[in-house]
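*Asks:* Okay, sequence plus prediction incoming.
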Amino acid sequence: MPLPRALVRAGAAGLLLLTLVYQSKGNHDLVWGTDPGSAVDLFNRDHEQALFTGGQNPFDVSTGSQPPWGYPTGVLLTWPPWPAVRAYFALLNLGALLFLMWWAYREARGLPPDARWLVAGAVAAFGGSVTATEVGQVGIVVTALLAGALWCDERTHPLWTGALVAFALIKPTVSAPFAIALLVSGRYRASAVAAGYGVAASAATWAITGATPWRMLGQLARAAGGYASEGTFGLVEILGPLGVPDALLNPAAAVVVTVPGLILMWTVRPSLPATFAVAAVWGRLWTYHKSYDDVMLAFVLVPLAIAALRARAVGPALAAFAAMGLLAWVPGRVLAFEPVQIAQLVVWPCALAVVLVDASRRPAPAAVALH
């Protein structure tokens with residue numbers, strides 16, 4: 001059955017309107033909100049960066065949240081003094097979201113304009129994005145950096161590809177699988193750039209704070225363990241009732257996702273977009289996350305939307321896109337319900353499977369060894 005153009009136009013308009021509503025609320029709370037949760041993550045990041053700039057190890061003073069390689073460039077996210085940084089970060093976050101929309105629109109080239117706007121609206125209307133904005137989370141910025149890395153890779157700029165992935169590693173729970181995707185897909189020069197930045201930035205942090213590498217990394221691991229039970233319903237909640245000991249729940253969940261993730265990446269190399277699609281689901285499932293990180297799934301949602309709209313008919317791609325979208329675009333209050341989170345655990349891998357099957361039917365990209 002053909003897909004009605006009127007439905008495509010209505011979907012595009014609805015998603016763009018939903019984006020406007022979500023981001024208006026999120027930015028109002030981020031910049032002017034007085035509730036305890038307004039800009040709370042930005043405040044904590046700003047406090048950490050101030051300690052780092054003053055030569056202190058943030059983990060010695062408070063509960064840190066950043067890896068050592070994140071502090072040197074993290075200063076760029078919290079440059080003005082509080083509270084001006086709230087408006088400053090709002091502009092950065094908005095710029096990142098607009099870039100994501102541009103990237104999605106560009107990925108859909110070849111489709112009619114209304115279909116391209118639907119794809120752009122699809123990545124901006126995540127219900128969790130309003131929470132990311134209002135608390136000052138970096139998920140949208142990190143996802144935009146990763147999208148920028150894809151764009152640079154397409155234009156054969158390995159230095160910038162690696163650098164953008166390295167900057168995205170300020171939140172490794174999201175971006176670490178994407179760094180692995182660089183290596184698996186044969187982007188060796190980009191991988192070397194990312195690794196070199198990580199070593200240099202970490203060395204700078206340890207020199208500025210006087211902390212030893214093993215001490216700070218140990219503190220980071222303990223701090224991450226403290227957050228592990230605060231995410232949405234995930235593999236930890238599934239493995240626990242199956243008899244996995246509490247001390248092994250988080251490592252077991254990571255292994256359960258990492259092994260098939262590596263296998264899937266290997267089967268779709270050297271396509272970086274395909275390995276990024278795998279990395280998105282891998283990154284969302286392998287450790288704790290809240291719904292404000294769901295925007296990372298844009299690397300699955302965009303190719304899925306393009307496949308559905310290219311077919312111009314009802315089929316598996318459209319069904320998967322609709323299912324994934326409905327579980328992404330609902331408000332944060334709905335995302336908080338456990339049945340919705342359980343449904344996401346089923347839909348996300350199925351949507352990825354549709355994307356990878358569709359990618360396998362297209363011409364293989366040229367070899368990129370040593371690229």
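*Replies:* Right, received. Where do you want to start?
*Asks:* Count the residues that sit near the residue lying closest to Pro172 once chain neighbours are set aside.
*Replies:* Nearest residue to Pro172, sequence neighbours excluded (Cβ to Cβ, 6 or more residues apart in numbering): Pro67, at 5.8 Å. Where you see a C-beta, it was placed from the backbone N, CA and C, and this is true even at glycine. By the criterion of other Cβ atoms under 10 Å, Pro67 has 22 neighbours.
*Asks:* likewise the one 5 residues further on?
*Replies:* One way to gauge burial is a neighbour count; for Pro72, by other Cβ under 10 Å, it gives 18.
*Asks:* cool, the one 5 residues further on as well?
*Replies:* Other residues within reach of Leu77, judged by other Cβ under 10 Å, total 20.
*Asks:* do the same with Glu107
*Replies:* Counted with other Cβ under 10 Å, Glu107 comes out at 24.
*Asks:* quick one: contacts for it?
*Replies:* Glu107 is in contact with Val119, Val302, Pro303, Ile306, counting by Cβ atoms under 8 Å, 6 or more residues apart in numbering.
*Asks:* cool, and Leu3?
*Replies:* Ala308, Leu309, Ala311, Arg312, Ala313, Val314, Leu318.
*Asks:* can you do 7 Å?
*Replies:* With contacts defined as Cβ atoms under 7 Å, 6 or more residues apart in numbering, the neighbours of Leu3 are Arg312, Ala313, Val314, Leu318.
*Asks:* Which pLDDT value belongs to the residue most central in space within the chain?
*Replies:* Ranked by distance to the mean C-alpha position of the chain (Cα atoms, centre = their mean), the top residue is Met296 at 2.8 Å. If you check Met296, the pLDDT there is 97.
*Asks:* that older thread, from the contacts of Leu3, which single one is nearest His47?
*Replies:* Leu318 (46.1 Å; Cβ to Cβ).
*Asks:* That closest one: neighbour count?
*Replies:* 20.
*Asks:* Once you drop chain neighbours, what's closest to it?
*Replies:* Ala308 (4.0 Å).
*Asks:* so what does the host helix or strand of that neighbour touch, helix or strand wise?
*Replies:* Here Ala308 is covered by helix 298-311, with elements defined by DSSP states H and E. Here helix 298-311 touches helix 84-107, helix 113-124, helix 272-285, helix 316-329, helix 338-360, going by 3 or more Cβ pairs under 7 Å, 6 or more residues apart in numbering; DSSP states H and E.
*Asks:* So what touches it?
*Replies:* For helix 298-311, the surrounding residues in contact (Cβ under 7 Å, 6+ apart) are 100, 104, 107-108, 111, 115, 118-119, 122-123, 143, 273, 276-277, 280-281, 317-318, 320-321, 324-325, 328, 351-352, 354-355, 358.
*Asks:* where exactly do the strands run in the stretch 1-150 of the chain?
*Replies:* Applying DSSP state E, counting those that start in this stretch to the stretch 1-150 of the chain gives no strands.
*Asks:* now this structure, which segments are flagged as low pLDDT?
*Replies:* 1-2, 63, 225-230, 363-371 (pLDDT under 70).
*Asks:* circling back: with distance to Val31 as new columns, can the contacts of Glu107 be given to me in JSON lines?
*Replies:* Formatted as JSON lines, these follow (distance: Cβ to Cβ, whole Å):
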{"residue": "Val119", "distance to Val31": "29"}
{"residue": "Val302", "distance to Val31": "29"}
{"residue": "Pro303", "distance to Val31": "34"}
{"residue": "Ile306", "distance to Val31": "34"}
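*Asks:* Go through those and name the one nearest Leu42.
*Replies:* Distances from Leu42 to the contacts of Glu107, taken by Cβ to Cβ, are shortest for Val302, at 27.2 Å.
*Asks:* burial count for the closest one?
*Replies:* Val302 is flanked by 28 other residues according to other Cβ under 10 Å.
*Asks:* can you point me to the longest helix in the protein?
*Replies:* The helix that spans the most residues within the chain, counting by DSSP state H, is helix 5-32.
*Asks:* circling back to that earlier point, quick one: the residue nearest to the centre of the chain is in a helix?
*Replies:* Yes. Counting by DSSP: H, G, I helix; E, B strand; the rest coil, one finds Met296 located in a helix.
*Asks:* do you know how far the closest residue to Ala190 other than its chain neighbours is from Val141?
*Replies:* In space, Ala190 comes closest to Gly162 once its chain neighbours are excluded; the distance is 3.6 Å by Cβ to Cβ, 6+ apart. Distance of Gly162 to Val141, computed by Cβ to Cβ, to the nearest Å: 18 Å.
*Asks:* Now for Ala313, how many residues are close by?
*Replies:* When neighbours are counted by other Cβ under 10 Å, Ala313 registers 11.
*Asks:* Need the phi and psi values for it.
*Replies:* Per-residue torsions, Ala313: phi -160, psi 160 (degrees, to the nearest 10).
*Asks:* how close does the residue nearest to Leu318 sit to Ile342?
*Replies:* Taking Cβ to Cβ, one finds Ala308 at 24 Å from Ile342.
*Asks:* quick one, which of those two is more surrounded?
*Replies:* More neighbours surround Ala308 than the other of Ala308 and Ile342, with 26 against 15 (other Cβ under 10 Å).
*Asks:* got a list of contacts for whichever helix or strand Leu159 is part of?
*Replies:* Assigned by DSSP H and E, Leu159 belongs to helix 158-168. Contact with helix 158-168 is made by 73, 142, 145-146, 148-149, 152-153, 175, 178-179, 182, 187, 189-194, 197-198, 371, as judged by Cβ under 7 Å, 6+ apart.
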